[in-house]
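J.: sequence plus predicted model, see below.
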Amino acid sequence: MENKANQGFLEKVFHLSEHHTDVKTEIIAGITTFMTMAYILAVNPNILSATGMDRGAVFTATALASLVATLLMAAFANYPFVLAPGMGLNAYFAYTVVLQMGYTWQMALAAVFVEGVIFILLSLTNVREAIFNAIPMNLKHAVSAGIGLFIAFIGLQNAKIVVDSATLVSVFSFKGSLEAGTFNSVGITVLLALLGVLITGILVVKNVKGNILWGILITWILGIICEVTGLYQPNAELGMFSVLPDFSSGLGIPSMASTFFKMDFSGILSLNFVTIMFAFLFVDMFDTLGTLIGVASKADMLDKDGKLPKIRGALLSDAIGTSLGAVFGTSTTTTFVESASGVAEGGRTGLTSVVAAIFFGLSLFLSPIFLAIPSFATAPALIIVGFLMISSVLKIDFNDFTEAIPSYIAMPFMYSISEGIAMGVISYVVINVVTGHAKDKKISLLMYVLAVLFVLKYVLI
């Protein structure tokens with residue numbers, strides 16, 4: 001009787017029958033989606049800790065931001081979409097804004113917070129459509145593909161498969177590692193990372209549910225076996241630590257005190273800050289819109305005009321999640337394309353999101369496990385996710401050089417997503433104006449404004 005009452009309540013809240021689904025289907029879909037994207041709980045702390053942020057605090061912030069934003073998605077839109085700190089955006093946060101441009105992680109969090117607030121305002125108006133329509137579709141695809149290349153390269157570096165050399169980069173030398181006596185501390189992890197890429201690739205080809213997470217776990221387990229047998233020997237001086245979970249402090253939730261509300265707004269009026277904030281906003285907005293439309297189309301959620309009903313609520317949950325995530329201490333929170341896995345399992349309502357959110361909440365108590373996962377085990381995830389993202393390059397019209405050349409320039413050859421976006425916008429406007437195609441392309445006023453701002457950035461800074 002109680003079970004029927006619960007089902008009746010869930011039916012009333014999520015309108016299950018109206019969406020041709022049931023409680024069991026939604027629960028399975030929610031678990032599936034969580035499994036396919038739980039890797040972010042291991043990857044995000046590894047990436048953001050490169051800035052000096054505490055890994056434990058970032059883990060808690062990641063799980064909490066995912067939980068809250070996903071619940072908001074269920075409440076505002078009743079869609080089966082799950083949110084978490086986005087891949088690519090976290091790499092941009094750590095490796096470009098902080099490590100390359102020299103901003104503190106506190107300032108980077110401030111940029112994410114401001115971006116989220118602006119996204120909230122845009123989500124409550126029709127401005128977001130204007131911005132979305134202003135940027136040429138080919139440039140949007142180029143940014144997605146560029147982020148894919150960027151995070152794949154970061155994965156190769158994190159695993160030390162690619163290392164610094166006189167030619168800027170080169171492949172890790174196993175022979176040199178054996179001669180230097182570092183094979184058991186560094187060389188073996190490079191070997192495990194390469195094995196991890198192959199394992200994850202095979203799982204993706206086989207379409208195994210949660211393939212990226214399984215790839216991480218299998219690679220990590222192989223690392224544990226290597227450490228237990230003595231084949232892998234941790235060496236803190238070389239940055240190689242134990243891969244065994246530390247349960248000495250129990251299963252408590254890591255403190256978020258070191259990152260909570262630590263945003264630094266001192267540089268908010270500088271042009272560089274505006275550029276960084278815009279880069280976060282640009283990628284977040286188009287990544288979110290693309291994911292929402294892409295996943296919704298697979299679930300037949302689009303109306304006859306190809307629009308997504310209640311998209312404002314979906315965008316608002318994403319925007320609020322981003323600002324709250326910055327308050328907690330993590331990079332931009334966005335809708336994950338992995339939500340498609342839950343949709344493929346039949347998820348059609350916010351109940352799928354609620355189930356995934358519950359699992360993010362439960363993961364807070366398993367921090368020793370997620371925090372023990374080493375970078376050589378998460379690197380294959382970065383490399384494979386990069387591969388999945390670069391597929392957007394196939395959507396670029398390479399027959400139209402006025403579209404293709406700016407898209408090519410928008411790729412991150414300068415080890416920076418924001419520089420790629422700036423160069424792409426400038427080159428798009430200049431090439432089309434000089435060759436007389438500006439009128440045909442109906443380049444918006446906003447694109448001209450952006451191009452001028454980006455030029456001023458390089459002239460003045």
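T.: Looks like it arrived, so ask away.
J.: distance check, Thr322 against Tyr458.
T.: According to Cβ to Cβ, to the nearest Å, Thr322 stands 28 Å off from Tyr458. In short, each C-beta sits where N, CA and C put it, glycine included.
J.: give me the low-pLDDT residue ranges for the stretch 251-400 of the chain?
T.: Filtered on pLDDT under 70, the stretch 251-400 of the chain yields the residue ranges 286-287, 290, 293-294, 297-299, 302, 304-307.
J.: so which residues of the stretch 101-250 of the chain form strands?
T.: Under the criterion DSSP state E, counting those that start in this stretch, the stretch 101-250 of the chain contains strands at 162-165, 168-171.
J.: what mean pLDDT does the last one have?
T.: Just to be clear, that refers to strand 168-171. Mean pLDDT, computed over strand 168-171, is 86.
J.: so how far is stretch 198-212 off the chain centroid?
T.: 19 Å (Cα atoms, centre = their mean, to the nearest Å).
J.: ok so, going back, looking at Thr322 and Tyr458, which is more packed in?
T.: Thr322 (33 against 11; other Cβ atoms under 10 Å).
J.: which residues touch the closest residue to the more buried one other than its chain neighbours?
T.: Closest residue in space to Thr322, ignoring its immediate chain neighbours: Gly116 at 3.4 Å, by Cβ to Cβ, 6 or more residues apart in numbering. Contacts for Gly116 (Cβ atoms under 8 Å, 6 or more residues apart in numbering) come out as Ala319, Ile320, Gly321, Thr322, Ser323, Leu324, Gly325, Ala326, Thr332.
J.: kindly recompute the last result at 7 Å.
T.: Ala319, Thr322, Ser323, Ala326 (Cβ atoms under 7 Å, 6 or more residues apart in numbering).
J.: what's the distance between the last one and Phe81?
T.: According to Cβ to Cβ, Ala326 and Phe81 sit 20 Å apart.
J.: swap in the second one?
T.: In this structure, Thr322 and Phe81 are separated by 15 Å, where distance is defined by Cβ to Cβ.
J.: go ahead and confirm Ser144 touches Met389.
T.: Yes: the criterion here is Cβ atoms under 7 Å, and Ser144 meets it with Met389 at 5.7 Å.
J.: ok, which stretches of the stretch 251-400 of the chain are strands?
T.: Using DSSP E, counting those that start in this stretch, strands in the stretch 251-400 of the chain cover 333-335.
J.: can you pull out the helices in it?
T.: In the stretch 251-400 of the chain, the helices defined using DSSP state H, counting those that start in this stretch lie at 271-298, 311-328, 339-344, 350-363, 367-372, 375-390.
J.: to Asn235, which of the strands of the stretch 101-250 of the chain lies closest?
T.: Ranking the strands of the stretch 101-250 of the chain by proximity to Asn235 (Cβ to Cβ) places strand 162-165 first, at 16.4 Å.
J.: got the buried residues for the closest one?
T.: Val162 (16 or more other Cβ atoms under 10 Å).
J.: show me the contact partners of that strand.
T.: Leu156, Val169, Ser170, Val171, Phe172.
J.: out of those residues, which is most surrounded?
T.: Leu156 (21 neighbours).
J.: tell me the pLDDT at the closest residue to it other than its chain neighbours?
T.: Using Cβ to Cβ, 6+ apart and skipping the chain neighbours, the partner closest in space to Leu156 is Val162 (4.1 Å). Per-residue confidence at Val162 stands at 90 (pLDDT).
J.: ok, Val162 to Ala152 distance?
T.: Counting by Cβ to Cβ, the gap from Val162 to Ala152 is 10 Å.
J.: ditto for Ser266
T.: Counting by Cβ to Cβ, the gap from Ser266 to Ala152 is 34 Å.
J.: out of the two, which sits in the more crowded spot?
T.: Set side by side, Ser266 and Ala152 show more neighbours around Ala152, with 21 against 11, by other Cβ under 10 Å.
J.: was I right to think that one contacts Ile383?
T.: Yes: contact criterion Cβ under 7 Å: Ala152 and Ile383 qualify, at 5.0 Å.
J.: for Ile27, which of the helices of the stretch 251-400 of the chain is the nearest?
T.: By Cβ to Cβ (comparing all of these), the closest turns out to be helix 350-363, at 5.3 Å.
J.: run through who's touching the helix or strand hosting Pro406.
T.: For Pro406, the host element (DSSP states H and E) is helix 401-409. Helix 401-409 is contacted from outside by 136, 138-139, 141-142, 396-398, 423-424, 427-428, 431-432, 435, 437, using Cβ under 7 Å, 6+ apart.
J.: recalculate using a threshold of 8 Å.
T.: 136, 138-139, 141-142, 396-398, 420, 423-425, 427-428, 431-432, 435, 437, 441.
J.: how about the helix or strand just after it: buried residues?
T.: The helix or strand immediately downstream of helix 401-409 is helix 417-434, counting by DSSP H and E. By 16+ other Cβ under 10 Å, the buried positions in helix 417-434 come out as 417-429, 431-432.
J.: could you give the mean pLDDT of helix 417-434?
T.: 86.
J.: hang on, Val385 packs against Ile151?
T.: Yes: counting by Cβ atoms under 8 Å, Val385 does reach Ile151; the two are 6.4 Å apart.
J.: overlap in contacts of these two?
T.: Joint contacts of Val385 and Ile151 (Cβ under 8 Å, 6+ apart) are Met87.
J.: between those two, which has more neighbouring residues?
T.: Ile151 (30 against 24).
J.: contacting residues around that one?
T.: Met87, Gly88, Ala91, Leu382, Val385, Gly386, Met389.
J.: could you redo the last one with a cut-off of 7 Å?
T.: Met87, Gly88, Ala91, Leu382, Val385, Gly386.
J.: now swap in Leu251 and tell me
T.: Phe365, Leu366, Pro368.
J.: got a markdown table for the residues you listed, with neighbour count and distance to Thr62 too?
T.: As requested, those are arranged in a markdown table below (neighbours: other Cβ atoms under 10 Å; distance: Cβ to Cβ, whole Å):
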| residue | neighbour count | distance to Thr62 |
| --- | --- | --- |
| Phe365 | 13 | 14 |
| Leu366 | 15 | 13 |
| Pro368 | 18 | 15 |
